[in-house]
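# Please work out how this folds:
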Amino acid sequence: GDGAQPGHGRVLAEVVEISLAPERGIGKMGRVVIVREHRMNRIRLAALGGIAAIALGAGVAAFAAAPSYNPIVTRQSGQLLVLGTFVGIRQALLHKLPVKPFAEPALAMSKWFAQYPTLFPPGSDKGDNTKALPAIWTHFAAFQKDADNASAAAAKLAMLAKADNTAGFAAQVKVLGGTCLSCHKEFRAK
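Residues are numbered from 1 along each chain as shown. The predicted structure follows:
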């Protein structure tokens, strides 16, 4: 061959990039430099493969340990944001401030209410100090209808805000508030 002594062959180096689940948008997690001699024995190759497998396994374990989704905390947080938006709207009306800036917050409320029923999967009726009543699951169609009514009322509020129609906006705030009260009366514990 090339005149190299065993154990002293030509040294080749390769950089192997390890990527975990690129289809999930996880980019390159690290690099492993594999240095091998021309006459590398199988034990060294197996050891390097084992190191790469351990590194890959640790990355997968870290990815799997990500916090899980909690629908109760999600819906409670979202409802607090809706409450804050609604309080801001009522204060703006009380102080005769322009309503046009509330077009996007009202649209956000409409989108929230449209998605709200999806946050009540089976088994999310207990824990995290939920005030959701069992009627949500036993009368889900009525609950969905209340959410749809709130979504439509908020969408109309957004339209009135965008048009800078203060009188119509003020009247629609009462309609939206009524949809909230209706839902809370039937589906939320006091």
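
# going forward, measure contacts and count neighbours with C-alpha atoms only.
Fine.

# Check which residues of the strand or helix carrying S110 are buried.
Following DSSP states H and E, one finds S110 within helix 103-115. Within helix 103-115, the residues that count as buried by 16 or more other Cα atoms under 10 Å are 103-114.

# For those residues, work out which two are farthest apart.
A103 and A114 (16.8 Å; Cα to Cα).

# on that earlier part again, what's the first helix or strand after the helix holding S110?
Downstream of helix 103-115, the next assigned helix or strand under DSSP H and E is helix 135-138.

# If you count contacts, what does that following helix end up packed against?
Contacts defined by 3 or more Cα pairs under 8 Å, 6 or more residues apart in numbering; DSSP states H and E place helix 135-138 against helix 166-187.

# Show me what the helix it packs on is in contact with.
Contact partners of helix 166-187, identified using Cα atoms under 8 Å, 6 or more residues apart in numbering, comprise 90, 93, 98-99, 132-136, 143, 146-147, 149-150, 153-154, 156-157, 160-161.

# List the buried residues of that helix.
166, 169-170, 172-173, 175-176, 179, 183-184, 186-187.

# Alpha carbons of it, as PDB, please.
Output in PDB follows, covering the C-alpha atoms of helix 166-187 (Å, rounded to 0.1, in the frame of the first residue of the first chain):
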ATOM      1  CA  THR A 166     -68.200  55.500  19.100                       C
ATOM      2  CA  ALA A 167     -72.000  55.300  19.700                       C
ATOM      3  CA  GLY A 168     -72.300  51.900  18.000                       C
ATOM      4  CA  PHE A 169     -69.100  50.700  19.700                       C
ATOM      5  CA  ALA A 170     -70.500  51.600  23.100                       C
ATOM      6  CA  ALA A 171     -73.800  49.800  22.400                       C
ATOM      7  CA  GLN A 172     -71.900  46.700  21.200                       C
ATOM      8  CA  VAL A 173     -69.800  46.600  24.300                       C
ATOM      9  CA  LYS A 174     -73.000  46.000  26.200                       C
ATOM     10  CA  VAL A 175     -74.000  43.200  23.800                       C
ATOM     11  CA  LEU A 176     -70.600  41.600  24.200                       C
ATOM     12  CA  GLY A 177     -70.700  41.800  27.900                       C
ATOM     13  CA  GLY A 178     -74.100  40.100  27.800                       C
ATOM     14  CA  THR A 179     -72.700  37.200  25.900                       C
ATOM     15  CA  CYS A 180     -70.000  36.800  28.500                       C
ATOM     16  CA  LEU A 181     -72.500  36.900  31.400                       C
ATOM     17  CA  SER A 182     -74.800  34.400  29.700                       C
ATOM     18  CA  CYS A 183     -72.000  31.900  29.300                       C
ATOM     19  CA  HIS A 184     -70.600  32.400  32.800                       C
ATOM     20  CA  LYS A 185     -74.100  32.000  34.300                       C
ATOM     21  CA  GLU A 186     -74.500  28.500  32.800                       C
ATOM     22  CA  PHE A 187     -71.000  27.200  32.500                       C
END
